[in-house]
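> Any chance you could fold what I've pasted below:
(one chain, ligands or ions: 1)
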Amino acid sequence: MNPINIAIDGYSSCGKSTLAQDLAKSLNYTYIDSGAMYRAVTLYILNNDLVKGDAVFDVKKALSDINIEFRFINGKNITYLNGSNVEDDIRRMYVSENVSVVAAIPEVRRKLVEHQQYLGRNKSVVMDGRDIGTVVFPDAELKIFVTADIEIRTKRRYEELMAKGITVSFEEIKNNLHERDFIDSTREDSPLFQAEDAILIDNTNLSIEEQFNKVLALAKGKISKGSSS
Ligand code: DC
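As a prediction, the model looks like this:
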(Lines give C-alpha, C1' and ligand atoms only; values in the text may rest on other atoms or scores of the structure.)
Protein backbone atom coordinates (compact mmCIF):
# COMPACT_ATOMS: atom_id res chain seq x y z
CA MET A 1 0.00 0.00 0.00
CA ASN A 2 1.45 3.31 -1.08
CA PRO A 3 0.11 6.60 0.22
CA ILE A 4 -1.18 8.93 -2.49
CA ASN A 5 -2.37 12.51 -2.84
CA ILE A 6 -5.95 13.10 -3.95
CA ALA A 7 -6.78 16.35 -5.76
CA ILE A 8 -10.42 17.45 -5.90
CA ASP A 9 -11.23 20.46 -8.04
CA GLY A 10 -14.44 21.97 -9.32
CA TYR A 11 -16.90 24.83 -9.30
CA SER A 12 -18.09 26.61 -6.14
CA SER A 13 -20.53 24.74 -3.89
CA CYS A 14 -20.29 21.44 -5.73
CA GLY A 15 -19.86 19.40 -2.58
CA LYS A 16 -16.08 19.11 -2.95
CA SER A 17 -15.35 19.63 0.71
CA THR A 18 -17.91 17.08 1.93
CA LEU A 19 -16.44 14.53 -0.45
CA ALA A 20 -12.86 15.40 0.49
CA GLN A 21 -13.55 15.26 4.23
CA ASP A 22 -15.35 11.92 4.02
CA LEU A 23 -12.54 10.45 1.93
CA ALA A 24 -9.86 11.69 4.31
CA LYS A 25 -11.72 10.24 7.28
CA SER A 26 -12.23 6.89 5.63
CA LEU A 27 -8.61 6.58 4.41
CA ASN A 28 -7.12 8.12 7.55
CA TYR A 29 -5.64 10.91 5.41
CA THR A 30 -5.33 14.63 6.13
CA TYR A 31 -8.00 16.87 4.63
CA ILE A 32 -6.92 20.33 3.48
CA ASP A 33 -9.44 22.95 2.39
CA SER A 34 -7.37 25.22 0.14
CA GLY A 35 -10.36 27.56 -0.35
CA ALA A 36 -10.29 28.27 3.39
CA MET A 37 -6.77 29.63 2.94
CA TYR A 38 -7.88 32.07 0.20
CA ARG A 39 -10.84 33.01 2.38
CA ALA A 40 -8.57 33.68 5.39
CA VAL A 41 -6.35 35.99 3.34
CA THR A 42 -9.48 37.78 2.09
CA LEU A 43 -10.81 38.19 5.63
CA TYR A 44 -7.51 39.70 6.73
CA ILE A 45 -7.50 42.13 3.80
CA LEU A 46 -11.09 43.22 4.46
CA ASN A 47 -10.62 43.57 8.21
CA ASN A 48 -7.50 45.65 7.78
CA ASP A 49 -8.86 48.05 5.17
CA LEU A 50 -6.44 46.91 2.51
CA VAL A 51 -8.96 47.50 -0.31
CA LYS A 52 -9.21 50.75 -2.27
CA GLY A 53 -12.01 50.87 -4.83
CA ASP A 54 -11.79 47.64 -6.81
CA ALA A 55 -8.11 47.12 -6.10
CA VAL A 56 -6.42 45.34 -3.25
CA PHE A 57 -3.31 47.20 -2.17
CA ASP A 58 -0.45 46.32 0.13
CA VAL A 59 -0.78 42.61 -0.61
CA LYS A 60 2.88 42.11 0.32
CA LYS A 61 2.29 43.51 3.79
CA ALA A 62 -0.83 41.38 4.22
CA LEU A 63 0.99 38.23 3.17
CA SER A 64 3.94 38.85 5.45
CA ASP A 65 1.57 39.43 8.40
CA ILE A 66 -0.50 36.32 7.86
CA ASN A 67 -0.14 32.91 9.44
CA ILE A 68 -2.78 30.33 8.44
CA GLU A 69 -3.04 26.94 10.11
CA PHE A 70 -5.55 24.15 10.51
CA ARG A 71 -6.27 22.60 13.89
CA PHE A 72 -8.12 19.30 14.08
CA ILE A 73 -10.81 19.80 16.75
CA ASN A 74 -13.71 17.41 17.48
CA GLY A 75 -13.25 15.61 14.17
CA LYS A 76 -13.16 18.83 12.13
CA ASN A 77 -10.44 20.94 10.57
CA ILE A 78 -10.74 24.45 11.92
CA THR A 79 -9.06 27.38 10.15
CA TYR A 80 -6.94 29.67 12.30
CA LEU A 81 -5.67 33.05 11.18
CA ASN A 82 -2.86 34.47 13.30
CA GLY A 83 -3.92 32.27 16.21
CA SER A 84 -7.68 33.05 16.06
CA ASN A 85 -10.44 30.70 15.03
CA VAL A 86 -11.90 32.22 11.84
CA GLU A 87 -13.81 29.15 10.64
CA ASP A 88 -17.22 30.90 10.78
CA ASP A 89 -16.09 34.33 9.65
CA ILE A 90 -14.46 33.07 6.45
CA ARG A 91 -17.78 31.54 5.32
CA ARG A 92 -19.68 34.83 5.54
CA MET A 93 -21.14 36.43 2.44
CA TYR A 94 -18.86 39.49 2.47
CA VAL A 95 -15.86 37.15 2.28
CA SER A 96 -17.51 35.07 -0.49
CA GLU A 97 -18.14 38.27 -2.44
CA ASN A 98 -14.47 39.27 -2.41
CA VAL A 99 -12.52 36.02 -2.34
CA SER A 100 -12.33 35.39 -6.09
CA VAL A 101 -10.74 38.79 -6.66
CA VAL A 102 -8.15 38.15 -3.95
CA ALA A 103 -7.54 34.60 -5.24
CA ALA A 104 -6.70 36.00 -8.68
CA ILE A 105 -3.69 37.96 -7.33
CA PRO A 106 -0.50 36.11 -8.37
CA GLU A 107 1.44 36.96 -5.15
CA VAL A 108 -1.38 35.50 -3.05
CA ARG A 109 -1.46 32.33 -5.14
CA ARG A 110 2.32 31.91 -5.04
CA LYS A 111 2.41 32.04 -1.25
CA LEU A 112 -0.58 29.75 -0.69
CA VAL A 113 0.45 27.19 -3.31
CA GLU A 114 3.86 26.93 -1.67
CA HIS A 115 2.18 26.30 1.69
CA GLN A 116 -0.19 23.72 0.15
CA GLN A 117 2.66 21.84 -1.54
CA TYR A 118 4.52 21.76 1.77
CA LEU A 119 1.46 20.29 3.52
CA GLY A 120 1.25 17.55 0.87
CA ARG A 121 4.95 16.73 0.72
CA ASN A 122 4.58 13.38 2.52
CA LYS A 123 1.41 12.30 0.64
CA SER A 124 -1.72 10.96 2.40
CA VAL A 125 -3.49 14.26 1.73
CA VAL A 126 -6.92 14.98 0.25
CA MET A 127 -7.02 18.60 -0.89
CA ASP A 128 -9.90 20.41 -2.55
CA GLY A 129 -9.85 23.66 -4.51
CA ARG A 130 -9.62 24.99 -8.05
CA ASP A 131 -6.03 24.32 -9.16
CA ILE A 132 -5.02 21.32 -7.07
CA GLY A 133 -4.75 18.80 -9.94
CA THR A 134 -3.32 21.37 -12.36
CA VAL A 135 -0.88 23.44 -10.28
CA VAL A 136 -0.54 22.37 -6.64
CA PHE A 137 -0.19 18.59 -7.16
CA PRO A 138 0.16 18.05 -10.92
CA ASP A 139 1.47 14.56 -10.07
CA ALA A 140 -1.41 13.62 -7.76
CA GLU A 141 -2.22 9.95 -8.19
CA LEU A 142 -5.96 10.61 -8.20
CA LYS A 143 -7.61 13.72 -9.61
CA ILE A 144 -11.33 14.35 -9.47
CA PHE A 145 -13.16 17.23 -11.15
CA VAL A 146 -16.60 17.82 -9.63
CA THR A 147 -19.49 19.63 -11.22
CA ALA A 148 -23.26 19.99 -10.66
CA ASP A 149 -26.21 21.98 -11.92
CA ILE A 150 -26.24 25.62 -10.69
CA GLU A 151 -29.77 25.34 -9.20
CA ILE A 152 -28.76 22.34 -7.10
CA ARG A 153 -25.55 24.04 -6.01
CA THR A 154 -27.46 27.18 -4.98
CA LYS A 155 -29.99 25.13 -3.03
CA ARG A 156 -27.23 23.25 -1.19
CA ARG A 157 -25.36 26.44 -0.26
CA TYR A 158 -28.63 28.13 0.76
CA GLU A 159 -29.48 25.27 3.12
CA GLU A 160 -25.94 25.19 4.50
CA LEU A 161 -26.00 28.92 5.33
CA MET A 162 -29.54 28.76 6.76
CA ALA A 163 -28.44 25.92 9.04
CA LYS A 164 -25.68 28.20 10.33
CA GLY A 165 -28.21 30.99 10.93
CA ILE A 166 -26.82 33.13 8.10
CA THR A 167 -29.72 34.70 6.18
CA VAL A 168 -29.13 35.33 2.46
CA SER A 169 -31.52 35.17 -0.47
CA PHE A 170 -31.48 32.34 -3.03
CA GLU A 171 -30.80 34.84 -5.84
CA GLU A 172 -27.91 36.44 -3.97
CA ILE A 173 -26.25 33.04 -3.58
CA LYS A 174 -26.86 32.08 -7.20
CA ASN A 175 -25.38 35.34 -8.47
CA ASN A 176 -22.37 34.89 -6.22
CA LEU A 177 -21.77 31.35 -7.51
CA HIS A 178 -22.06 32.51 -11.14
CA GLU A 179 -19.68 35.37 -10.53
CA ARG A 180 -17.11 33.26 -8.70
CA ASP A 181 -17.20 30.52 -11.34
CA PHE A 182 -16.63 33.16 -14.00
CA ILE A 183 -13.72 34.87 -12.22
CA ASP A 184 -12.18 31.55 -11.11
CA SER A 185 -12.23 30.02 -14.59
CA THR A 186 -11.19 33.09 -16.59
CA ARG A 187 -8.40 34.56 -14.40
CA GLU A 188 -4.94 34.61 -15.91
CA ASP A 189 -3.08 32.89 -13.09
CA SER A 190 -4.00 29.20 -12.66
CA PRO A 191 -7.62 29.32 -13.80
CA LEU A 192 -10.05 26.57 -12.88
CA PHE A 193 -10.17 23.83 -15.51
CA GLN A 194 -10.31 20.07 -15.58
CA ALA A 195 -6.83 18.49 -15.73
CA GLU A 196 -6.45 16.09 -18.64
CA ASP A 197 -6.04 13.15 -16.32
CA ALA A 198 -8.86 14.13 -13.92
CA ILE A 199 -12.01 12.06 -13.65
CA LEU A 200 -15.20 14.09 -14.12
CA ILE A 201 -18.01 13.57 -11.63
CA ASP A 202 -21.33 15.34 -12.16
CA ASN A 203 -23.13 14.94 -8.85
CA THR A 204 -26.39 16.72 -9.81
CA ASN A 205 -28.28 13.46 -9.41
CA LEU A 206 -25.96 11.68 -7.01
CA SER A 207 -26.40 11.44 -3.26
CA ILE A 208 -23.45 12.28 -1.03
CA GLU A 209 -23.06 8.58 -0.35
CA GLU A 210 -23.17 7.53 -4.02
CA GLN A 211 -20.52 10.09 -4.91
CA PHE A 212 -18.38 9.06 -1.96
CA ASN A 213 -18.56 5.34 -2.81
CA LYS A 214 -17.56 6.00 -6.41
CA VAL A 215 -14.50 8.04 -5.47
CA LEU A 216 -13.51 5.81 -2.56
CA ALA A 217 -13.37 2.84 -4.95
CA LEU A 218 -11.13 4.85 -7.30
CA ALA A 219 -8.87 5.88 -4.41
CA LYS A 220 -8.55 2.34 -3.07
CA GLY A 221 -7.65 1.15 -6.58
CA LYS A 222 -4.83 3.70 -6.78
CA ILE A 223 -3.59 3.06 -3.24
CA SER A 224 -3.38 -0.71 -3.76
CA LYS A 225 -1.52 -0.27 -7.05
CA GLY A 226 0.84 2.38 -5.69
CA SER A 227 2.16 5.50 -7.35
CA SER A 228 3.58 3.67 -10.38
CA SER A 229 0.07 3.09 -11.79
O1 DC B 1 -13.73 26.38 -2.16
P2 DC B 1 -14.22 27.77 -1.73
O3 DC B 1 -15.53 28.15 -2.38
O4 DC B 1 -14.23 27.96 -0.26
O5 DC B 1 -13.10 28.76 -2.32
C6 DC B 1 -13.21 30.14 -2.16
C7 DC B 1 -12.57 30.87 -3.33
O8 DC B 1 -11.15 30.67 -3.31
C9 DC B 1 -13.03 30.44 -4.71
O10 DC B 1 -14.02 31.29 -5.24
C11 DC B 1 -11.80 30.50 -5.56
C12 DC B 1 -10.64 30.52 -4.62
N13 DC B 1 -9.81 29.31 -4.66
C14 DC B 1 -8.80 29.28 -5.59
O15 DC B 1 -8.67 30.20 -6.39
N16 DC B 1 -7.94 28.23 -5.62
C17 DC B 1 -8.09 27.19 -4.77
N18 DC B 1 -7.23 26.17 -4.82
C19 DC B 1 -9.16 27.21 -3.83
C20 DC B 1 -10.01 28.27 -3.81
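
> Double-check that Leu200 belongs to a strand.
Yes - Leu200 sits within a strand when classified using DSSP: H, G, I helix; E, B strand; the rest coil.

> Not counting its neighbours along the chain, what's nearest Arg187?
Nearest residue to Arg187, sequence neighbours excluded (Cβ to Cβ, 6 or more residues apart in numbering): Ala104, at 4.1 Å. To be clear about C-beta, it is placed using only N, CA and C from the backbone, and glycine gets the same treatment.

> Tell me how many other residues crowd the one you found.
Applying other Cβ atoms under 10 Å, we find 19 residues neighbouring Ala104.

> which other residues reach the helix-or-strand element of the chain with minimal mean pLDDT?
The helix or strand of the chain with the poorest confidence is strand 55-56; it has a mean of 71 (mean pLDDT, DSSP states H and E). Applying Cβ atoms under 8 Å, 6 or more residues apart in numbering, the external contacts of strand 55-56 come out as Ile45, Leu50, Val101, Val102, Ile105.

> partners of that strand, with directions?
strand 51-52 (antiparallel) (DSSP bridges).

> Quick check: mean pLDDT of the helix or strand following the least confident helix or strand of the chain?
Using DSSP states H and E, the next helix or strand after strand 55-56 towards the C-terminus is helix 59-65. Regarding helix 59-65, the rounded mean pLDDT is 89.

> Check stretch 149-160 too.
pLDDT averaged over stretch 149-160 gives 94.

> Flag every buried residue along that stretch.
Ile150, Arg153, Thr154, Arg156, Arg157, Tyr158 (16 or more other Cβ atoms under 10 Å).

> Looking at those, which are in strands?
Taking DSSP state E, every one of the buried residues of stretch 149-160 sits outside strands.

> out of the contacts of strand 55-56, which is most surrounded?
Neighbour count (other Cβ under 10 Å) singles out Ile45 as the most crowded of these, with 25 neighbours.

> Need the three-state assignment for it.
helix.

> Spit out the contact partners of the closest residue to Phe57 other than its chain neighbours.
Take Phe57 and drop its neighbours on the chain: the residue closest to it by Cβ to Cβ, 6+ apart is Leu50, 6.1 Å away. Residues counted as contacts of Leu50 (Cβ under 8 Å, 6+ apart) are Tyr44, Val56, Phe57, Asp58, Val59, Lys61, Ala62.
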